[in-house]
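> This is the structure alone, sequence omitted:
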């Protein structure tokens, strides 16, 4: 018989979560998840700096001593992201009345319960993606809007956060190719691998496709051909410049305010390996709690729990996660303001 106690553990629920239409988060690719055993984090900035070469020495000579570079570390506590929702009273009454008569939970109620699970799960997952993209765009995280006096500074150098001299919205006078070439050269001079991927917004891409200097470079002076992103990327890669992806997903705050994950005015060069860092996944109290009255499911490091209360009488669904992006390669990431 279908009951609340076995819904979350059921194969039906797992298939529902895995096969439903999902948003394609860029952060899942460039900030892959990495599980850690603590809520404290620390990483070395510039973790892939140029290696030091050993010395060639004669037989019998004492080995040269390798010194230790002055290193910068980023450390702090992983914030906990939580949200919960209660089942509508009418649906709860329907649920309990069927259970008391020994019947299976009707599909309409199961759908409501599953919808609550996906709503809170998606809410947490969207917040994680927002944090990843804001770290990438701003080089720091500020949790003031969440009511926390807490910031994480990724120590991205000032020169890695330039504003172009001529905004790319000026499609006649701006020179995006030269701007990008300058940033790529800077990364290489710092010892980073050549960037091959860049992220921006559709608005910036549209300015690039209308840029007079780019169209002349690709098609010639008198051509009236329209430039598309595939042709632009082919041209850039032939010049040793990164291929461009635009990313424009949005979400709503609890107050209904619509926000973008990736800032619309930014153009970001990713490090040469295409990875900006990791998404550190820490433990949550919800995942560790052993409560016979609660049912739990975990996916992507996000824990979903359900429980019933008598005051108010309801079925509650909560999602919780302790996740934060790391950026050890901030020295080789460029976040430019271009419009």
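In hand now; what should we look at? Remember, predicted model here, so these are calculated numbers, not experimental data. Residues are numbered from 1 along each chain as shown.

> drop to CA atoms for contacts and neighbour counts, all remaining ones
Noted.

> residue boundaries of the strands in the stretch 201-339 of the chain?
Assignment of strands within the stretch 201-339 of the chain using DSSP state E, counting those that start in this stretch yields the ranges 243-246, 250-252, 258-260, 266-269, 278-282, 295-299, 302-310, 313-326, 334-337.

> Least confident of these, on average?
The stretch with the lowest average pLDDT out of the strands of the stretch 201-339 of the chain is strand 295-299, scoring a mean of 78.

> Output the contacting helices and strands for that one.
Counting contacts by 3 or more C-alpha pairs under 8 Å, 6 or more residues apart in numbering; DSSP states H and E, the secondary-structure elements packed against strand 295-299 are strand 302-310.

> Contacts for the strand it packs on, please.
Under the contact criterion C-alpha atoms under 8 Å, 6 or more residues apart in numbering, strand 302-310 has outside partners 117, 121, 124-125, 284, 286-287, 293-298, 314-322.

> now those: which count as buried?
In these, burial by neighbour count holds for 117, 121, 124-125, 284, 286-287, 294-298, 314-322, counting by 16 or more other C-alpha atoms under 10 Å.

> contacting residues for the spatially closest residue to residue 227 that is not a sequence neighbour?
Closest residue in space to residue 227, ignoring its immediate chain neighbours: residue 209 at 5.3 Å, by C-alpha to C-alpha, 6 or more residues apart in numbering. Contact partners of residue 209, counting by C-alpha under 8 Å, 6+ apart, are 215, 226-229, 232.

> switch the cut-off to 10 Å
Remark: with contacts taken as C-alpha atoms under 10 Å, 6 or more residues apart in numbering, residue 209 is in contact with 171, 215, 226-229, 231-232.

> What separation is there between it and residue 232?
Separation of residue 209 from residue 232 (C-alpha to C-alpha, to the nearest Å): 8 Å.

> what's the overlap in contacts for the two?
Contact criterion C-alpha under 10 Å, 6+ apart; residues shared by residue 209 and residue 232: residue 215.

> show me the contacts for the nearest residue in space to residue 193 that is not next to it in sequence.
Nearest residue to residue 193 in three dimensions, chain neighbours excluded: residue 272, at 4.6 Å (C-alpha to C-alpha, 6+ apart). Contact analysis of residue 272 by C-alpha under 10 Å, 6+ apart lists 184, 187-188, 192-197, 242, 329, 332-333.

> what does residue 250 give?
Neighbouring residues of residue 250 by C-alpha under 10 Å, 6+ apart: 126, 129-130, 258-262.

> Now, of those, which are buried?
Neighbour counting by 16+ other C-alpha under 10 Å classes 126, 129-130, 261-262 among the contacts of residue 250 as buried.

> can I get those residues in JSON lines with distance to residue 16 and pLDDT?
Formatted as JSON lines, those follow (distance: C-alpha to C-alpha, whole Å; pLDDT from 0 to 100):
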{"residue": "126", "distance to residue 16": "19", "pLDDT": "96"}
{"residue": "129", "distance to residue 16": "22", "pLDDT": "98"}
{"residue": "130", "distance to residue 16": "24", "pLDDT": "97"}
{"residue": "261", "distance to residue 16": "26", "pLDDT": "98"}
{"residue": "262", "distance to residue 16": "29", "pLDDT": "99"}
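
> count of neighbours near residue 228?
Residue crowding around residue 228 was assessed by other C-alpha atoms under 10 Å; the count is 13.

> okay, it: pLDDT?
As predicted, residue 228 sits at a pLDDT of 98.

> And the closest residue to it other than its chain neighbours, how close does it get to residue 89?
With C-alpha to C-alpha, 6+ apart as the criterion, residue 228 has its nearest non-adjacent residue at 6.2 Å, and that residue is residue 209. Going from residue 209 to residue 89 by C-alpha to C-alpha gives 53 Å.

> Out of the contacts of residue 250, give me the two with the largest separation.
129 and 258 (14.6 Å; C-alpha to C-alpha).

> can you give me the helices for this structure?
With DSSP state H as the definition, the chain shows helices at residue ranges 4-7, 11-19, 27-30, 89-100, 107-138, 176-189, 202-209, 212-219, 229-238, 285-288.

> just those helices: most buried one?
helix 107-138 (a mean of 20; mean count of other C-alpha atoms under 10 Å).

> tell me the angle it makes with strand 313-326.
20 degrees (axes from the mean of the first three to the mean of the last three C-alpha atoms, to 10 degrees).

> now helix 107-138, how far from the centre of its chain.
Taking C-alpha atoms, centre = their mean, to the nearest Å, one finds helix 107-138 lying 13 Å from the centre of the chain it belongs to.

> now the residue nearest to residue 177 when sequence neighbours are not counted: how far from residue 198?
Nearest non-adjacent residue to residue 177, counting by C-alpha to C-alpha, 6+ apart: residue 214, 7.2 Å away. Residue 214 sits 17 Å away from residue 198, going by C-alpha to C-alpha.
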